[in-house]
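Trainee: what follows is a protein structure lacking sequence information:
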Ligand code: CMP
């Protein structure tokens, strides 16, 4: 971590105005928020906080990617979500007063804006529109978590990998001449942890998907070429 608690840059100010949950704040509120917010940069692989830590702040991603994950006692990891610029995390323990529900780690150099608990709670009380946006985002994440439970319960491993690739392309995809590219450098281990499968199995399924022309690999990034084929597997 570098620049611990530094004052937010001008870049952060203009960015914050475009972050969906803060869109309803007027200029005065945004300035007030930025005056008390801190900005921190985390290097790839560094931990932002661990599951069960006390919840002290909300984090907004200015740049980079953050992995939200759980660890089993034997060291196995399950990635719950991969979040990118404009998204936020750490709201759950601020809202319910319980410890952090998951761990978080920077997957690349990541700049975060930190908003302390009391300030976040005051903002929610003062701005019902902001509170409604947070509730809508919690609902969206619950839907995604339900979809993950469904995958783990009902889909075979090819279906889970297909569903995982479709979710990643929806959240982190960009147009590519062959289809849609997932703009994340993911190792097979990370993809396995995201899809809830063993690393060796994911490697095998990715090769099968490449052979059938459903995906291509461009450098270290996966390109979804035949979306319909993945949707069929994920059904
Ligand atoms: P908190 O419990 O304070 O700390 C971990 C954070 O990870 C949590 O708040 C949420 O912001 C985020 N988080 C937990 N579970 C999920 C999930 N299933 N999808 C997306 N984000 C999550």
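Mentor: All right, it came through fine. The shown structure was predicted, so the numbers you read here are calculated from the model rather than taken from an experiment.
Trainee: spell out which residues of this protein are next to the ligand.
Mentor: Selection of the chain residues close to the ligand by CB under 6 Å from any ligand atom yields 55, 68, 80-81, 89-93, 100-102, 141, 144-145. In this view, the C-beta of every residue, glycine as well, is placed from N, C-alpha and C.
Trainee: return the set of buried residues in stretch 173-191.
Mentor: For stretch 173-191, burial by neighbour count (16 or more other CB atoms under 10 Å) applies to 173, 176, 179, 180, 181, 182, 183, 184, 186, 188, 190, 191.
Trainee: now for the residues of the chain next to the ligand, which pair is the farthest apart?
Mentor: Farthest-apart pair in those is 55 and 144; separation 20.8 Å (CB to CB).
Trainee: so how far is the ligand from the residue lying closest to residue 43 once chain neighbours are set aside?
Mentor: Excluding its sequence neighbours, the residue lying closest to residue 43 (CB to CB, 6 or more residues apart in numbering) is residue 109, at 6.0 Å. Going from residue 109 to the ligand by CB to the nearest ligand atom, to the nearest Å gives 20 Å.
Trainee: what's near enough to touch residue 109?
Mentor: Counting by CB atoms under 8 Å, 6 or more residues apart in numbering, residue 109 touches 41, 42, 43, 44, 63, 64.
Trainee: tell me where this structure has helices.
Mentor: For the chain, helices defined by DSSP state H occupy the ranges 10-17, 27-36, 91-96, 117-126, 128-154, 157-172, 188-195, 199-211, 227-233.
Trainee: the spatially most central residue of the chain bridge partners, please.
Mentor: By CA atoms, centre = their mean, the chain has its centre lying nearest to residue 83, at 1.8 Å. Beta-bridge partners recorded for residue 83 (DSSP bridges): residue 66.
Trainee: contacting residues around it?
Mentor: By CB under 8 Å, 6+ apart, the contact list for residue 83 reads 61, 65, 66, 68, 89.
Trainee: ok, and the most crowded of these?
Mentor: residue 66 (24 neighbours; other CB atoms under 10 Å).
Trainee: just to check, residue 19 is in contact with residue 60?
Mentor: Yes: counting by CB atoms under 8 Å, residue 19 does reach residue 60; the two are 6.0 Å apart.
Trainee: got the helices of the chain as a markdown table, with mean pLDDT and distance to residue 221 columns?
Mentor: Below are the helices of the chain laid out as a markdown table (pLDDT from 0 to 100; distance: least, CB to CB, whole Å):
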| stretch | mean pLDDT | distance to residue 221 |
| --- | --- | --- |
| helix 10-17 | 73 | 25 |
| helix 27-36 | 84 | 34 |
| helix 91-96 | 96 | 30 |
| helix 117-126 | 91 | 35 |
| helix 128-154 | 91 | 22 |
| helix 157-172 | 95 | 10 |
| helix 188-195 | 94 | 12 |
| helix 199-211 | 96 | 12 |
| helix 227-233 | 96 | 16 |
